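**Q** dropping the sequence and predicted coords here.
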Amino acid sequence: MKRDSVMRRLAGLGLCLAVSACASQVKAPDYTAFKAARPRTILVLPPVNHTPDIKATNGLLSQMTMPLAEGGYYVVPVTLEVETFHQNGLTVPDEMIQAPAQKLRNIFGADAALYTTVTAYGSVYHVVDSDTVVTADAKLVDLKTGGVLWTGTGSATGHDVGEMSGGGNLIGMLVVAAVKQVANNLTDHSFPVAAVAADRLLKVAPPDGLLYGPRSVKYGTD
């Protein structure tokens with residue numbers, strides 16, 4: 001009897017853990033508005049930089065066109081876009097994102113605009129290690145209605161692009177950390193990390209990525 005009681009409790013605990021695990025999973029976003037809008041052309045606004053690194057905006061912006069294009073969307077050329085903003089007196093991302101949606105649609109002919117915020121960009125020193133981190137949040141806005149079609153987050157670290165490690169030896173780890181910190185300050189090691197972060201941020205696939213664009217062979221299958 002005692003053994004049966006224990007087994008029942010364990011079974012009940014396993015069920016509770018399974019239910020909790022399912023409940024903790026991220027729910028798929030509501031694609032109703034996205035499917036109704038079905039944007040074909042996307043305007044990628046320069047990311048707003050909330051980090052101390054002045055290279056964050058351009059470092060991430062330069063990586064954002066490819067995943068969208070590969071996902072089946074036409075992306076307004078970034079150089080043309082930025083120059084147009086500058087000619088109209090808007091020189092920083094914080095000003096550009098204030099432009100009215102209808103105005104952006106009229107000028108660039110885009111169906112939707114991508115608004116992005118960089119929350120981490122650059123090297124972080126942790127005594128026995130130094131890593132490069134890039135993190136960004138984004139939302140896709142319908143330029144016809146001003147409604148949000150999709151939101152997402154993407155992040156990557158130097159380990160995702162094979163940054164060296166100290167191999168477990170304390171002295172080696174300290175030396176490697178110091179070398180990496182100096183190297184990161186001399187060169188933009190965040191650039192390749194930003195490419196991975198951009199791919200993760202703008203992935204085009206279920207269950208929580210962007211829907212396939214009209215130039216994708218998978219268009220309309222999601």
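**A** Happy to help now that I have it.
**Q** just the helices from this structure, written as ranges.
**A** Assigned by DSSP state H, the helices in the chain fall at 2-24, 32-37, 56-61, 65-70, 78-87, 93-96, 101-108, 170-186, 190-201.
**Q** can you pull the poorly scored residue ranges out of this protein?
**A** Counting by pLDDT under 70, the ranges of the chain that qualify are 1-27, 124-130, 162-188.
**Q** neighbours around the residue lying closest to residue 219 once chain neighbours are set aside, how many?
**A** In this structure, residue 219 finds its nearest non-sequential neighbour in residue 212, 4.9 Å apart by CB to CB, 6 or more residues apart in numbering. Just so you know, the C-beta spots here come from the backbone N, C-alpha and C atoms, and that holds for glycine as well. The local packing of residue 212 (other CB atoms under 10 Å) involves 19 other residues.
**Q** over to residue 222?
**A** Here the number of neighbours of residue 222 (other CB under 10 Å) works out to 16.
**Q** any idea how far the closest residue to it other than its chain neighbours lies from residue 218?
**A** Nearest residue to residue 222 in three dimensions, chain neighbours excluded: residue 211, at 5.1 Å (CB to CB, 6+ apart). Distance, residue 211 to residue 218, using CB to CB, to the nearest Å: 9 Å.
**Q** how about residue 95?
**A** In terms of CB to CB, residue 95 sits 37 Å off from residue 218.
**Q** OK, contacts around the residue nearest to residue 222?
**A** 31, 34-35, 38, 150, 204, 222 (CB atoms under 8 Å, 6 or more residues apart in numbering).
**Q** what sits against residue 66?
**A** residue 198 are the contacts of residue 66 under CB under 8 Å, 6+ apart.
**Q** hang on, I meant residue 198
**A** Contacts of residue 198 by CB under 8 Å, 6+ apart are 60, 63-64, 66-67, 136, 154.
**Q** which one of those residues is nearest to residue 115?
**A** Nearest to residue 115 among those, counting by CB to CB, is residue 136 at 10.8 Å.
**Q** doesn't residue 60 make contact with the closest one?
**A** Yes. Counting by CB atoms under 8 Å, residue 136 touches residue 60, with 5.9 Å between them.
**Q** between these two, which contacts overlap?
**A** With CB under 8 Å, 6+ apart as the test, residue 136 and residue 60 both reach 47, 116, 118, 197-198.
**Q** okay, now the nearest residue to residue 99 once chain neighbours are set aside: neighbour count?
**A** Spatial nearest neighbour of residue 99, excluding adjacent residues (CB to CB, 6+ apart): residue 90 at 6.9 Å. For residue 90, the count of nearby residues is 17 (other CB under 10 Å).
**Q** try the one 10 residues further on
**A** As a burial measure, the neighbour count of residue 100 was computed by other CB under 10 Å and equals 10.
**Q** need the contact list for residue 49.
**A** 56-57, 93, 118, 121.
**Q** for residue 192, same thing?
**A** residue 161.
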